[in-house]
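Undergrad: Need coordinates for the below:
(one chain, ligands or ions: 2)
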Amino acid sequence: MIVVMKPGATPAQVQHMVKQVEALGLKAHVIVGTERTVIAAVGSKRDGNKESLESGPGVAEVVPISAPYKVASRELKPEPSVIVAGSLSVGGAKVGVIAGPCSVETEEQILSCAQAVKKAGATALRGGAFKPRTSPYSFQGLKEDGLKMLAAARDATGLAVVTEVVASEDVDLVSKYADVLQIGARNMQNYRLLEAVGRSPRAVLLKRGPSATIEELLLAAEYILDGGNPNVMLCERGIRTFESHTRFTLPLATVPYLQKKTHLPVVVDPSHGTGHSYLVAAMCTAGIAAGADGLIVEVHPDPEHALSDGYQTLNFSEFEEVMARCRRVAAAMDKVM
Ligand code: PEP
Ligand code: MN
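TA: Ligands and ions are numbered 1, 2, ... in the order given. All right, here's what the predicted structure looks like:
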C-alpha cells in the first residue's frame, strides 16, 4: 500500500504514520517527492489495513500498489530517481558513462584506462577485480590488489569506481574501495547477495540475468531497496536467445518499458550485449536514442591482449569516437553527456 500524505503534512505526522505502518507488521519506506511525501507500506500481510491508515493525521489517501515490486514501482514514485555516486550521476537529464576494462590487470593498465576514458568524457571507471568466469580455468581477477589499483586510479583522476562483488562475504571489502557495487548477470538472483548489498552504503548497478524476465529483474532490485539501499541502477546487458551471431541479444525496448514501470535509472551495456567490438558503437547510440540513463562500456589500452572479453572491448581511439557520436545523439534527446 501507499500512504499518500497531504501536501504540507508535517514531519511529525509522517513519523506518526511510519509508526502506524510498523505497528501493522509492515515495513515503511518514506519517499519524499517534489509534489508529495508517500510512505510505502510493504510486507507479506494482505492489504486489509487500508481503513485504519486512511484516518491518520495528514493522510490524503491510501492506495494499493498493483505491481509485485513495490518500492521499485513507478506507482510509488512517479518522478525518475537520479543516482549520484562520486563523479557518476545517472538519471534525469544526465547520461552517465561508465567505461574501463573488463578486468583490472595491472596498475598501469587501469590508470591509463582511467585517464583515457576520462579525457573522452566518461564519468566513472569500471574494472572487475572479482571476476565471475564461465570456466574455473579463466582469469579470476586480482581480488583486493585489483580493488587497490582501482582506488589509486580514482585518486589520480577523480572518477568514481564501479566494480563487481560476487559473494555476500565480500560486500564489506568491496564497499571499502568502490563507489558502486556491480551485481553481475550471473548473480542477479543470488538473494543473499542482494540482501547484503541492500545493507551497504554504496550505490548498486544491478545487471539483468541472461534468462531473467523484466519482472524478475525488478523483484531482484526490490530485495536491495527493501534492504534499505535506495541507490539502485538497473542494467540491460542482453539476454540469451536462439540467436548466435551476437554473444547475447540486446533488447533495447527494455529501456522505455522499464522507465514506464520503475523510477530507477536504466543503464545499457552494449559490450556484453553484443560480444563484438564492431557492434558496440551502434548499440551505444541506439541505447541513448532509446532513452537510456547511462552506458557501461568495456575499454582497454590493448583489447587484443586483454585477459577477459577483449573481443567486445574498444581501444582508446574507438571509445573517443563512440563518445563523440553519443554526444550528438544525447543532445538530440535533450540529454547532457
Ligand atoms: C562484466 O561487466 O564484466 C560482466 C561480467 O558482466 P555480466 O555480469 O553482465 O556478464
Ligand atoms: Mn566483461
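Undergrad: Val162 should be in a strand, yeah?
TA: Yes - Val162: assigned to a strand according to DSSP: H, G, I helix; E, B strand; the rest coil.
Undergrad: Show the model's pLDDT score for the most far-flung residue of the chain relative to its centre.
TA: Within the chain, the residue lying farthest from the chain centre (Cα atoms, centre = their mean) is Ser55, at 37.4 Å. Ser55 carries a pLDDT value of 94.
Undergrad: Can you tell me what sits against stretch 238-257?
TA: With contacts defined as Cβ atoms under 8 Å, 6 or more residues apart in numbering, stretch 238-257 is touched by 208, 210-212, 214, 236-237, 266, 268-270, 272-276, 279, 283, 286-287, 290-292, 312. (Each C-beta comes from the backbone N, C-alpha and C, glycine too.)
Undergrad: Identify those among the residues you listed that sit within helices.
TA: Those of these mapping onto helices are Ile214, Pro270, His272, Gly273, Thr274, Leu279, Met283, Ala286, Gly287, per DSSP state H.
Undergrad: show me what contacts the third one?
TA: With contact set as Cβ under 8 Å, 6+ apart, His272 has these partners: Ala185, Arg237, Gly238, Arg247, Phe248, Glu298, Asp309, Gln312.
Undergrad: Out of the residues you listed, which comes closest to ligand 2?
TA: Asp309 (3.7 Å; Cβ to the ion).
Undergrad: Next one: the nearest residue to that closest one once chain neighbours are set aside from ligand 2, what distance?
TA: Distances taken as Cβ to Cβ, 6 or more residues apart in numbering place Cys102 nearest to Asp309, at 3.8 Å, with adjacent residues excluded. Remark: distance between Cys102 and ligand 2 (Cβ to the ion, to the nearest Å) = 3 Å.
Undergrad: One more: Lys6?
TA: Using Cβ to the ion, one gets 49 Å for the distance from Lys6 to ligand 2.
Undergrad: ok, for that residue, nearest residue in space, not its chain neighbours?
TA: In space, and not counting its chain neighbours, Lys6 is closest to Ala60: 4.5 Å by Cβ to Cβ, 6+ apart.
Undergrad: where does the stretch 1-150 of the chain dip in pLDDT?
TA: By pLDDT under 70, the low-scoring segments of the stretch 1-150 of the chain are 45-48.
Undergrad: which residue does it bring closest to ligand 1?
TA: Nearest residue of the stretch 1-150 of the chain to ligand 1: Cys102, at 4.6 Å (Cβ to the nearest ligand atom).
Undergrad: ok, how many other residues are close to His276?
TA: Residues near His276, counting by other Cβ atoms under 10 Å, number 14.
Undergrad: Please list all residues in contact with it.
TA: Applying Cβ under 8 Å, 6+ apart, the residues near His276 are Thr246, Arg247, Tyr311, Gln312.
Undergrad: circling back: filter the ones in helices among the contacts of stretch 238-257 down to the ones near ligand 2?
TA: Of the residues in the ones in helices among the contacts of stretch 238-257, proximity to ligand 2 by Cβ under 5 Å from the ion holds for none.
Undergrad: which among those residues gets closest to ligand 1?
TA: His272 (4.5 Å).
Undergrad: Let's check: the centremost residue of the chain is which one?
TA: Note: the chain centre (Cα atoms, centre = their mean) maps to Met233, 2.2 Å.
Undergrad: What lies in contact with the strand or helix carrying that residue?
TA: With elements taken from DSSP states H and E, the one containing Met233 is strand 232-236. Here strand 232-236 makes contact (Cβ under 8 Å, 6+ apart) with 72, 83, 90-91, 180, 203-208, 217-218, 221, 224-225, 250-252, 254-255, 258, 262, 264-269, 273, 293-294, 296.
Undergrad: does any part of that strand sit near ligand 2?
TA: No - Strand 232-236 does not reach ligand 2 (Cβ under 5 Å from the ion); its nearest approach is 12.2 Å.
Undergrad: Which positions within the longest helix along the chain qualify as buried?
TA: Looking across the chain with DSSP H, the single longest helix is helix 316-332. By neighbour count with 16 or more other Cβ atoms under 10 Å, helix 316-332 contains the buried residues Phe316, Glu318, Phe319, Glu320, Val322, Met323, Cys326, Arg327, Val329, Ala330.
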